[in-house]
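>>> Take a look and give me a structure for this.
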Amino acid sequence: MRGKTDRTSRVVLTVLGALLLVVGIAGILATTGVYAAGFARRTLLANPGAAWIGDHGGWFWPVATAVVIVLALLSLRWLARVISPEPRTRDISIDGSARTTLGATALRDALTTEIQTYRGVDTALVRVYGDAQAPRLGVRVALTDDAHVAAVRDRVEREALAHARTALDEPDMPVTLDLAVTTHGGPRVE
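The predicted structure is shown next:
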């Protein structure tokens, strides 16, 4: 579902950006006198559009209000979909069907335990989310202040994440890896 929301967001924002660009260019051209010789010197309300709105204000403003309310509600719905987290996965399909599955909790616990044994790691937090046929991993690792960040990152990618991808038979499984250095030192595990 996240991919559809992302695509929709890109299209809506592109159209909105193009519309605002056209309005901005039209405003710049109006001030330079491109449309007509006296157009740039006119006041804002001394134009046919404002006169038309004034003549039809009895029905125009209620319609404009309704349109703005609908746009505001659609914007709130879009914002809620963008900022809402993806649902967590309970069972991950290994063979693309429901016959062979791996519990997301088991995968999460195994990865967490493995990463926490690495030298320089204080704590690890693994989150499995997305679709059961296309899972994603979010891995957050807190490092001790004396950890070699590049070495830990390399080991997490080369060992722990490789093990997860092999177990799920998903060599291209998307993973978000966050590394942060903590201010307190943890126990050192060799």
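
>>> Mark out where each domain of this structure begins and ends.
Following automatic domain parsing, one finds the domains of the chain at 2-83, 91-181.

>>> winner for burial among the ones you listed?
Looking across those with neighbours counted as mean count of other C-beta atoms under 10 Å, the highest average goes to domain 91-181: a mean of 16. The way it works is simple: take the backbone N, C-alpha and C, and place the C-beta from them, glycine included.

>>> secondary structure class for residue 136?
strand (DSSP: H, G, I helix; E, B strand; the rest coil).

>>> likewise the one 5 residues further on?
Using three-state DSSP, the three-state assignment for residue 141 comes out as strand.

>>> My guess is it contacts residue 175. True?
No. Contact criterion C-beta atoms under 8 Å: residue 141 and residue 175 do not qualify, at 11.8 Å.

>>> Phi and psi next, for the residue nearest the centre of the chain.
Compute the mean C-alpha point of the chain, and by C-alpha atoms, centre = their mean the closest residue is residue 82, 6.3 Å away. The phi/psi pair for residue 82 (degrees, to the nearest 10) reads phi -70, psi -40.

>>> the longest helix in this structure is where?
Scanning the chain for the helix with the most residues, using DSSP state H, yields helix 2-31.

>>> Next, the angle strand 135-143 makes with it.
Angle, helix 2-31 to strand 135-143, by axes from the mean of the first three to the mean of the last three C-alpha atoms, to 10 degrees: 80 degrees.

>>> Give me the mean pLDDT for the helix or strand that residue 66 is a member of.
In this assignment (DSSP states H and E), residue 66 forms part of helix 57-83. Helix 57-83 carries an average pLDDT of 90.

>>> where does residue 35 land in three-state SS?
Going by three-state DSSP: residue 35 is coil.

>>> So it is in contact with residue 41, correct?
No. Counting by C-beta under 8 Å, residue 35 stays clear of residue 41, with 11.7 Å between them.

>>> packing partners for the helix holding residue 66?
Here helix 57-83 touches helix 2-31, going by 3 or more C-beta pairs under 8 Å, 6 or more residues apart in numbering; DSSP states H and E.

>>> remind me which residues of this protein are low pLDDT?
In the predicted model, the chain carries pLDDT under 70 at residues 1-5, 37, 39-40, 44-45, 85-101, 183-190.

>>> how about a cut-off of 80?
Scanning the chain for pLDDT under 80 picks out 1-7, 30-51, 81-82, 84-104, 130-134, 169, 182-190.
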